[in-house]
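> Please work out how this folds:
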Amino acid sequence: MNPRSLIPWSRNRGEVSASNERANSFASLHREMDRMFDNFLRGFGDVDMPRLSTSTSWPSIEINETEDKIEVVAEVPGLTKADVEVTLHDGILTLRGEKRLEQTGTCYSERWRGAFQRDIPVGEDVDSEKVKAAFKDGVLTIALTKKPEAQRDVKRIAIN
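Numbers count the residues shown, from 1 in each chain. Next up is the predicted model:
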């Protein structure tokens, strides 16, 4: 088996069809739109507002919030707990780590590797002394307990 046949952009090299031209035009438009949005959003860099990191969307996360806690679950397959660092500073939970190259001599790989950082705004209502993290089977679970003053009674409002 020729490994180059697995690479989608190496197939049909030299053959230009109407569908390829349309796909290339669409890809070009997509890149231009991405560039325009990046330039537009770069102007908001001085604004102090928490937001999710735009540099990467890995690891995939899930956030669950109740009256008394926030739970963040991140999927980090192929990593160990020694590969991941979790910090909390100024209401921002940061997941940082690196997935290293496991073997050398690979001729083709679609597996993701490299350093990552994910910033998750959890707010100032979290008690930094009561944060717990657990790691099992490639899943990182972080439990953040809210401060007592943030655990307000929720009043249910009837909908008419």
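
> after the lowest-mean-pLDDT helix or strand in the chain comes which helix or strand?
Sorting the helices and strands of the chain by mean pLDDT, DSSP states H and E puts helix 18-42 at the bottom, at a mean of 73. Towards the C-terminus, the helix or strand next in line after helix 18-42, according to DSSP states H and E, is strand 60-65.

> Which other helices and strands does the next helix-or-strand element following that next one contact?
Taking DSSP H and E as the definition, the helix or strand that follows strand 60-65 towards the C-terminus is strand 69-75. Using 3 or more Cβ pairs under 8 Å, 6 or more residues apart in numbering; DSSP states H and E as the contact test, the elements touching strand 69-75 are strand 60-65, strand 139-146. For every residue, glycine as well, the C-beta is placed using N, CA and C.

> for the protein, which spans come out with low pLDDT?
Along the chain, the model assigns pLDDT under 70 to residues 1-23, 41-57, 106, 151-155.

> same thing but 80
Counting by pLDDT under 80, the low-confidence segments of the chain come to 1-27, 37-58, 101-113, 150-157, 160.

> can you give me the end-to-end distance of stretch 96-104?
Taking Cα to Cα, to the nearest Å, stretch 96-104 runs 24 Å from one end to the other.

> what residues does that stretch touch?
76, 78-79, 83-87, 112-118 (Cβ atoms under 8 Å, 6 or more residues apart in numbering).

> rerun that using 10 Å as the cut-off
Taking Cβ atoms under 10 Å, 6 or more residues apart in numbering as the criterion, the residues outside stretch 96-104 that touch it are 58-59, 74, 76-87, 109, 111-119, 140.

> Buried by neighbour count, from these: which ones?
Applying a neighbour-count criterion of 16 or more other Cβ atoms under 10 Å, the buried members of those are Trp58, Pro59, Ala74, Val76, Leu79, Val84, Val86, Phe116, Arg118, Asp119, Leu140.

> mind putting those residues in JSON lines, distance to Asp125 included?
What follows is the buried ones among the contacts of stretch 96-104, written out as JSON lines (distance: Cβ to Cβ, whole Å):
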{"residue": "Trp58", "distance to Asp125": "27"}
{"residue": "Pro59", "distance to Asp125": "24"}
{"residue": "Ala74", "distance to Asp125": "21"}
{"residue": "Val76", "distance to Asp125": "26"}
{"residue": "Leu79", "distance to Asp125": "29"}
{"residue": "Val84", "distance to Asp125": "24"}
{"residue": "Val86", "distance to Asp125": "18"}
{"residue": "Phe116", "distance to Asp125": "26"}
{"residue": "Arg118", "distance to Asp125": "20"}
{"residue": "Asp119", "distance to Asp125": "17"}
{"residue": "Leu140", "distance to Asp125": "22"}
